[in-house]
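>>> Requesting a structural model of the entry that follows:
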Amino acid sequence: MAHGMSYQKHRGSLGWSHRLCLLCLLCLLAGLTGCVHQRDPRDAAPDPTSTEPASEAPPAAAEVPTSGNVPQRPPRIPWSNGLETLGGFLGNFSTGSGGGKLMSGTDTAPDGALHVTVYYATDRKYQPGSNSYGWQPNRAAPYLSYGSVKVSIPAKRAPGELPLPPWYDVISSQNAQKYVLIKGVARLSRMDFLAAIKTKIQTEPNRRAAFIYIHGYSNSFDDAARRTAQMAVDLDIGAIPVFYSWPSKGTFAGYEFDQNSAEWTQAHLQAFLADFADHSSATDIYIIAHSMGNRPMTVALANLLEKRPQLRPLFKQVVLAAPDINADVFRDQIAPRFFSLNLPTTLYASANDKAIRASYTFSEWDRIGDMRSPVIGIPGMELVDASSVIMNFMGHDYFASNRALLTDIATLIKTGQRAKNRGGLKGIPSSQAPQYWAFP
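Numbers count the residues shown, from 1 in each chain. Predicted coordinates for the structure are as follows:
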């Protein structure tokens, strides 16, 4: 939540019977959504088109377990959606998070589609048998693996849309003009990864920029790749797209696991951010974190910059989208650290985010991404109320699925303008120094 005093005391403790009812309701929603939702993490197998090898790992960073390409995975049984249909519960709601793989091995995008290469670092465990990075953590030091993902995106698509093939669309599920598809995954050593990033950045005519996306709860590796590619196209900020994928279980029922995983990944994310800042040659780094991904990111970034303040000028903007963080922990322990570091930070919250409300229900503690009265500003951060923008049913991925939010984030990154100078936002209260900002 974004308000001040916790209103937990205004409600009775939630009985287990109520939790069971909530779970049953969400399970029913999952079954109904399976008819229209487009999610299935296993449908998005990487295509064995890449020839880039995996090699040595970095100091305190990453090791790729095997060499070679990510091969084809077996077909998915179409009627086995179950709860996995709801896997984007706190992750990707507008379109689901499943999707297909592009069967063609060519690097040339077909008519009506474009190819986007996004780069990744992950501490998920690579699974040769399932041909992907799974939900299990890679507990073998140095933990991190690197590479790139080629994503095919329809050319005719409204900003914010992330169309994915539903399980029942057997005939056109590989239609690159209709759906976002994973074309292939290349696994790289740390040195090759950083060299590829450096080469791309140095060939950019305008600036040496990269944005790093950290996904939220119930996201698969493929979910994060597709979302990063979609944002790269829709934001159009001239920055190299990179995502950090921590081992989310990718299911609605995996919330407790994901909470522990988000805590476990924090040290690895901190090492990655330091390595990227040191060796990528990027002079402008932008961080976009969503939902539970804000937990490890905020701590990792604060730890890094307090330890190495000379890196602070590289991090130009930090976006906290629908953060699933304990509100009191955020205000008392995280926000003051960002304030002392003078990090330009924008927090987007909403009163209509059902996923964040569900997080509150399970934890019985307010979340900073929940915009409810009384709203109190956060010193050193710009708080933006997104409650009025058009959202999907769950209202959780508005940061990447709504045109107004995409425009605001793009303007923020391109120009560095603060909220008072960006069109489309109004200060509240308007008669004095605003405590926060809102879309009209």
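
>>> which residue ranges form the strands in the stretch 201-350 of the chain?
Assigned by DSSP state E, counting those that start in this stretch, the strands in the stretch 201-350 of the chain fall at 209-214, 240-245, 284-290, 315-321, 345-349.

>>> what do you get for the stretch 51-200 of the chain?
Shown for the stretch 51-200 of the chain, the strands assigned by DSSP E, counting those that start in this stretch span residues 100-101, 113-122, 124-127, 132-137, 145-154, 181-188.

>>> now these as TSV including distance to Trp365, mean pLDDT and mean neighbour count?
Glycine gets a C-beta too; all of them are placed from N, C-alpha and C. Shown next, in TSV, are the strands of the stretch 51-200 of the chain (distance: least, Cβ to Cβ, whole Å; pLDDT from 0 to 100; neighbours: other Cβ atoms under 10 Å):
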stretch	distance to Trp365	mean pLDDT	mean neighbour count
strand 100-101	39	44	25
strand 113-122	29	97	22
strand 124-127	28	92	19
strand 132-137	25	92	20
strand 145-154	34	96	25
strand 181-188	36	92	26
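
>>> which one of the ones you listed lies closest to Asp236?
If you check each of those against Asp236 by Cβ to Cβ, strand 113-122 wins as the nearest, at 11.5 Å.

>>> so what strands line up beside that closest one?
Based on DSSP bridges, the pairing partners of strand 113-122 within the sheet are strand 145-154 (antiparallel), strand 240-245 (parallel).

>>> about what we covered before: Ile237: which of the strands of the stretch 51-200 of the chain is closest?
Using Cβ to Cβ, the strands of the stretch 51-200 of the chain put strand 113-122 closest to Ile237, at 13.3 Å.

>>> and the angle for that closest one with strand 181-188?
Per axes from the mean of the first three to the mean of the last three Cα atoms, to 10 degrees, the angle that strand 113-122 makes with strand 181-188 is 40 degrees.

>>> Adding distance to Ala253, write the strands paired with strand 113-122 out as CSV.
Supplementary listing: the strands paired with strand 113-122 in CSV, determined by distance: least, Cβ to Cβ, whole Å:
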stretch, distance to Ala253
strand 145-154, 26
strand 240-245, 20
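
>>> Do I have it right that Phe315 meets Ile287?
Yes - counting by Cβ atoms under 8 Å, Ile287 is a contact partner of Phe315 at 6.7 Å.

>>> can you give me the helices for the chain?
Across the chain, reading from the start of the chain, the helices by DSSP state H fall at 16-36, 190-203, 221-235, 255-264, 266-279, 294-307, 327-329, 335-341, 354-363, 398-401, 403-415.

>>> could these be laid out in CSV, adding mean pLDDT, mean neighbour count and distance to Pro154?
Written out in CSV, the entries for the helices of the chain read as follows (pLDDT from 0 to 100; neighbours: other Cβ atoms under 10 Å; distance: least, Cβ to Cβ, whole Å):
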stretch, mean pLDDT, mean neighbour count, distance to Pro154
helix 16-36, 44, 13, 19
helix 190-203, 95, 18, 24
helix 221-235, 97, 26, 10
helix 255-264, 96, 18, 30
helix 266-279, 98, 21, 30
helix 294-307, 98, 22, 30
helix 327-329, 95, 18, 39
helix 335-341, 97, 17, 37
helix 354-363, 85, 20, 26
helix 398-401, 93, 25, 15
helix 403-415, 96, 19, 17
